[in-house]
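Enquirer: Need the 3D shape of this:
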Amino acid sequence: MTYDARQIANWFVTRVKQDNKVLSVMSLLKLTYIAHGWRLEMTNGPLFQNKIQAWKYGPVIPDVYNSFRSQGVNVQNPVSLVASDISNEDSAFLEQIYNIYGLMSAFQLSDLTHEVGGPWDIATKLGGSYADIPNELIKSHYEMKRMRSKQAAHV
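Expert: Okay, here's the model as predicted:
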């Protein structure tokens, strides 16, 4: 099932509140993007259909950015959407992403999404600022991350 990226962002905002924490807009964008990347790698399908672009400071989902930026640097509340609920399976997946990446700082998450040879880097070099980052590029990057992880486990 695919969602609106703002639903996924809302999930992270709600989840962080359970831990009495807040997310910066930057962290929210990175977590939403990373979840999408791993979903592409794991299921060969997107988590959401919203456009992802290579902005100056990394991959950005404009719909998420534009919906949450009015809250300031730190996101306090989910945005209002008319959308179906996130499935239990997808919620469990997002919980895994949160457990791995949710405690990282915005700058640590940014470093992960700015890797040389990664989707943001390639899209920026090919199309400049605001270039679209295609799912195929994101998927192949996360497949490479999985392969490297498996190789490192066997060493």
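Enquirer: could you say which helix or strand contains the most centrally placed residue in the chain?
Expert: Centroid-nearest residue in the chain: Tyr33, 1.6 Å away (criterion: Cα atoms, centre = their mean). According to DSSP states H and E, Tyr33 maps onto helix 25-43.
Enquirer: And the helix or strand following that helix, what does it pack against?
Expert: Under the assignment DSSP H and E, the closest C-terminal helix or strand after helix 25-43 is strand 53-55. Where contact means 3 or more Cβ pairs under 8 Å, 6 or more residues apart in numbering; DSSP states H and E, strand 53-55 is packed against strand 58-60, helix 119-127, strand 131-132. All C-beta spots, glycine's among them, are computed from the backbone N, C-alpha and C.
Enquirer: Which strands and helices lie in contact with the first one?
Expert: On a contact count with 3+ Cβ pairs under 8 Å, 6+ apart, strand 58-60 meets helix 25-43, strand 53-55, helix 106-113, helix 119-127.
Enquirer: Give me the buried positions along the last one.
Expert: Right, the one you point to is helix 119-127. For helix 119-127, a neighbour-count test (16 or more other Cβ atoms under 10 Å) marks 119-124 as buried.
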